[in-house]
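Student: Predicted model follows, preceded by the sequence.
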Amino acid sequence: MIEKIFKLSQKNTTVKTEVVAGITTFMTMAYILAVNPNILGAAGMDPTAVLLATCLASFIGTMCMAFMANLPFALSAGMGLNAFFAFTVCGVMGHSWKLALAAVFVEGIIFIILSLTNVREAIFNAIPLTLKRAVSVGIGLFIAFIGLQGAKLCVNEDSTLVTIINFRDNFNTAGICALLALIGLFITAVLYIKRVKGSILIGILATWILGMICQAVKLYVPDVENGYYSLYPTFAMTDFSALGKTFGQIFSGGVISEIKGDILNFVIIVFSFLFVDIFDTLGTLIGVSSKADMLDEEGRLPEIKPALLADAVATSAGAVLGTSTTTTFVESAAGVAEGGRTGLTAVVTGLLFLVSMLFAPIFTAIPGFATAPALIMVGFLMFTSIKDIVFSDENMVETIPAYICIIAMPLFYSISEGIGLGIISYVILNAVCGKAKKVKPLMYVLAILFILKYVFL
């Protein structure tokens, strides 16, 4: 049955490999169960309700990806999009979280329509292969940067913006976390070099266990006020009734009245969510698929249409449940790096999200410094795609946009910004340098849309 549904032999994989890959993907994504309630809580939403909605939306979206597209990609509430939701729409603009959820729901419906009409697939296919490879490299740097931040290795610094942590300052909190992340990175790297199956997952668990030992001997001292919590998992049950505080709230009368009172602003919010979601999703699919050798000779992903549709369905479902935009997660690359190639990987990840509703406090105890080595290691694996980009004097109209795309993702903390700047620079350089005919018409449209985005959004 499993072979018939997921075509494991055709994808050159096994049940064991897929299960390990699915667990690994979940472990690298589990931080969202702690982070998303905190971020959306700033918008006035109930954290427990958000956690339950996030688990359910992740389960629904990931299962859609598994059975509709047979791809090893997992979905959850997108980082960046949740911050835009809480701090821009609800914070700066002053709208209610219910209106923000309504905007996400409408965006998801538009997303579904675009997926059914092949618009998103056409966008995916229009992007040149060199830029697609650059997206993979850029995402590698981006998630490595996320890992360095989660490890507390990379910290804010006024004069240089970022710098390495001073291990002696706050050693029993930030310092020891950074040190444990480095140790975990070396453990993961050694295991990977020795081709140990599940090396990334083992690295996460080993780092977490080392952290608990450090807490036991007082090397790590929890400091709740500054965000350093106990590393021991708790076994408290979740209040399931809390979901009622967010479920279906987008259909309440107050939301409709708020939308009618400022319809133009609502439209702008919807298209802001839509624009970022489209290119974050496309970027993730391009990058992870490229690393997994799932793209064909022309750089196309055969299962792209059902994958995009699954992503769109998850977005609208998540808004009804009570969470910000649900999107394909770049951390899926961790499972791909472990050998995940089919929807069975996604099924395992989705089921773990469902189970985590029962034991959410245990999963949310996984600290950022434990998942950081996995993200940094996966970043390296994705970065290796740079060898497929041909750097030469004759190919500069291709490679300069690729370079801009790569550096923009980590520096601007956005996959979609990297793609946007890559597309704009690709179109302009080719047009100015006499190679306008080789650029597909849709690329010109995309470049104009990105420019308009910077002007008006």
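Tutor: Arrived safely. Residues are numbered from 1 along each chain as shown.
Student: next helix or strand past the helix or strand of the chain with the lowest mean pLDDT?
Tutor: Counting by mean pLDDT, DSSP states H and E, the chain has its least confident helix or strand at helix 360-363, which shows a mean of 70. On the C-terminal side of helix 360-363, the nearest following helix or strand under DSSP states H and E is helix 368-383.
Student: how distant is that following helix from the center of its chain?
Tutor: What separates the centre of helix 368-383 from the centre of its chain is 13 Å, taken as Cα atoms, centre = their mean, to the nearest Å.
Student: Next secondary structure element downstream of it?
Tutor: helix 396-412.
Student: Show me which residues of the helix or strand following that following helix are buried.
Tutor: Proceeding N to C from helix 396-412, the next assigned helix or strand is helix 415-432, under DSSP H and E. Buried residues in helix 415-432, counted by 16 or more other Cβ atoms under 10 Å: 415-427, 429-430. Glycine gets a C-beta too; all of them are placed from N, C-alpha and C.
Student: C-alpha coordinates for whatever helix or strand comes next after helix 415-432, PDB please?
Tutor: Next helix or strand after helix 415-432 toward the C-terminus (DSSP H and E): helix 441-456. Extracted as PDB, the C-alpha positions of helix 441-456 are listed here (Å, rounded to 0.1, in the frame of the first residue of the first chain):
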ATOM      1  CA  PRO A 441       8.000  37.800 -21.400                       C
ATOM      2  CA  LEU A 442       6.800  36.700 -18.000                       C
ATOM      3  CA  MET A 443      10.100  37.700 -16.400                       C
ATOM      4  CA  TYR A 444       9.500  41.300 -17.600                       C
ATOM      5  CA  VAL A 445       6.100  41.300 -16.000                       C
ATOM      6  CA  LEU A 446       7.600  39.900 -12.700                       C
ATOM      7  CA  ALA A 447      10.300  42.600 -12.700                       C
ATOM      8  CA  ILE A 448       7.800  45.300 -13.200                       C
ATOM      9  CA  LEU A 449       5.600  43.900 -10.400                       C
ATOM     10  CA  PHE A 450       8.500  43.700  -8.000                       C
ATOM     11  CA  ILE A 451       9.500  47.300  -8.800                       C
ATOM     12  CA  LEU A 452       5.900  48.400  -8.200                       C
ATOM     13  CA  LYS A 453       6.000  46.600  -4.900                       C
ATOM     14  CA  TYR A 454       9.000  48.600  -3.700                       C
ATOM     15  CA  VAL A 455       7.300  51.800  -4.800                       C
ATOM     16  CA  PHE A 456       3.800  51.300  -3.300                       C
END
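Student: orientation of helix 441-456 relative to helix 415-432 in degrees?
Tutor: Orientation of helix 441-456 against helix 415-432 (axes from the mean of the first three to the mean of the last three Cα atoms, to 10 degrees) gives an angle of 120 degrees.
Student: helices or strands next to helix 441-456 in the packing?
Tutor: When contacts are defined as 3 or more Cβ pairs under 8 Å, 6 or more residues apart in numbering; DSSP states H and E, helix 441-456 sits against helix 119-126, helix 415-432.
Student: ok, back up a step: residues making contact with the least confident helix or strand of the chain?
Tutor: With contact meaning Cβ atoms under 8 Å, 6 or more residues apart in numbering, helix 360-363 is reached by 30, 33, 51, 55, 233, 234, 235, 236, 238, 356.
Student: three-state assignment of residue 71?
Tutor: For residue 71, the secondary structure call by DSSP: H, G, I helix; E, B strand; the rest coil comes out as coil.
Student: what's near enough to touch residue 428?
Tutor: Counted by Cβ under 8 Å, 6+ apart, residue 428 has contacts residue 447.
Student: er, residue 122 actually
Tutor: Counted by Cβ under 8 Å, 6+ apart, residue 122 has contacts residue 442.
Student: and what of residue 326?
Tutor: Here residue 326 is in contact with 57, 58, 61, 75, 76, 77, 78, 311, 314, 315, 317, 318 (criterion: Cβ under 8 Å, 6+ apart).
Student: do that again at 7 Å, thanks
Tutor: Residue 326 sits next to 57, 58, 61, 75, 76, 77, 314, 315, 318 when contact means Cβ atoms under 7 Å, 6 or more residues apart in numbering.
Student: Tell me the spacing between it and residue 95.
Tutor: 20 Å (Cβ to Cβ, to the nearest Å).
Student: which intervals of the stretch 251-400 of the chain have sub-threshold pLDDT?
Tutor: For the stretch 251-400 of the chain, applying pLDDT under 70 flags the ranges 291, 298, 363-364.
Student: What segments of it are strands?
Tutor: 326-328 (DSSP state E, counting those that start in this stretch).
Student: May I have the phi/psi pair for the nearest residue to residue 47 once chain neighbours are set aside?
Tutor: Distances taken as Cβ to Cβ, 6 or more residues apart in numbering place residue 37 nearest to residue 47, at 3.7 Å, with adjacent residues excluded. With angles defined as degrees, to the nearest 10, residue 37 sits at phi -60, psi -30.
Student: do residue 72 as well
Tutor: phi -90, psi 40.
Student: just curious, which of the buried residues of helix 415-432 is nearest to residue 283?
Tutor: Within the buried residues of helix 415-432, distances to residue 283 taken as Cβ to Cβ reach their minimum at residue 415, with 3.8 Å.
Student: now the closest one, nearest residue through space, not along the chain?
Tutor: residue 283 (3.8 Å).
Student: repeat for residue 148
Tutor: residue 154 (3.8 Å).
Student: got it, and residue 307?
Tutor: residue 69 (4.1 Å).
Student: tally of neighbours for that neighbour?
Tutor: By other Cβ atoms under 10 Å, 24 other residues sit near residue 69.
Student: The one 5 residues further on now?
Tutor: Other residues near residue 74 come to 31 when the count uses other Cβ under 10 Å.
Student: Likewise for the one 10 residues further on?
Tutor: Other residues within reach of residue 84 by the criterion other Cβ under 10 Å amount to 20.
Student: that older thread, who's in contact with the residue nearest to residue 415?
Tutor: Going by Cβ under 7 Å, 6+ apart, the list of residues near residue 283 reads 135, 139, 415, 416, 419.
Student: export stretch 121-130 as PDB, just CAs?
Tutor: Extracted in PDB, the C-alpha atoms of stretch 121-130 (Å, rounded to 0.1, in the frame of the first residue of the first chain):
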ATOM      1  CA  GLU A 121       3.400  27.200 -12.300                       C
ATOM      2  CA  ALA A 122       4.200  29.600 -15.200                       C
ATOM      3  CA  ILE A 123       6.100  31.900 -12.800                       C
ATOM      4  CA  PHE A 124       8.200  28.900 -11.600                       C
ATOM      5  CA  ASN A 125       9.000  27.800 -15.100                       C
ATOM      6  CA  ALA A 126       9.800  31.300 -16.300                       C
ATOM      7  CA  ILE A 127      12.700  31.800 -13.800                       C
ATOM      8  CA  PRO A 128      16.000  30.800 -15.600                       C
ATOM      9  CA  LEU A 129      17.900  27.800 -14.300                       C
ATOM     10  CA  THR A 130      20.900  29.900 -13.100                       C
END
